[in-house]
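*Asks:* here is my input, please return the structure:
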Amino acid sequence: MLYKNRPKKIYLHLGIVDFRKQLNGLAQIIDSEFPKGRLNDCWFIFISRNNKQVKLIYWRNSGLCLWQYRLDSESFKVRKPRLESNKSISWKDLQRFLDGFNIFEGEAHLTKKPKRYS
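*Replies:* Down below sits the predicted model:
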């Protein structure tokens with residue numbers, strides 16, 4: 001469980017980020033590229049260059065939290081090339097993104113007609 005309450009906004013940073021940056025370096029990106037005064041009610045998601053790692057930053061009570069998620073064999077589905085820098089996504093899209101679905105191309109699964117077994 002990340003947090004007990006849902007954030008008001010979730011921002012996905014689609015630009016390339018040096019993943020050697022930790023909390024302070026990513027907080028500087030938040031200050032410079034995202035709307036001011038949004039730190040206490042928003043989550044910010046950063047994706048690595050190889051699309052195998054995600055870092056999520058949010059404010060909890062009295063300090064910043066950094067959550068990191070690394071995939072071993074697959075990668076997160078990200079639009080290529082990464083043209084836009086910031087995108088606001090919904091709570092449902094965040095869950096789908098972390099589960100490996102492509103939230104940029106619409107539907108995650110192909111729709112198929114049921115087979116007839118008679």
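
*Asks:* okay, now the unreliable bits of the protein?
*Replies:* By pLDDT under 70, the low-scoring segments of the chain are 1-4, 37-38, 80-84, 106-118.

*Asks:* all helices of it, in order?
*Replies:* Ranges of helices in the chain, per DSSP state H, are 23-33, 91-98.

*Asks:* quick one: buried residues of the shortest one?
*Replies:* Read it as helix 91-98. Asp93, Leu94, Arg96, Phe97 (16 or more other Cβ atoms under 10 Å). (Each C-beta comes from the backbone N, C-alpha and C, glycine too.)

*Asks:* restrict that helix to CA atoms and write it as PDB.
*Replies:* The C-alpha trace of helix 91-98 is given here as PDB (Å, rounded to 0.1, in the frame of the first residue of the first chain):
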ATOM      1  CA  TRP A  91      -5.800   6.900 -10.300                       C
ATOM      2  CA  LYS A  92      -7.100   4.100 -12.500                       C
ATOM      3  CA  ASP A  93      -4.500   4.900 -15.100                       C
ATOM      4  CA  LEU A  94      -1.700   4.800 -12.500                       C
ATOM      5  CA  GLN A  95      -2.800   1.300 -11.400                       C
ATOM      6  CA  ARG A  96      -3.000   0.100 -15.000                       C
ATOM      7  CA  PHE A  97       0.400   1.600 -15.800                       C
ATOM      8  CA  LEU A  98       2.100  -0.100 -12.800                       C
END
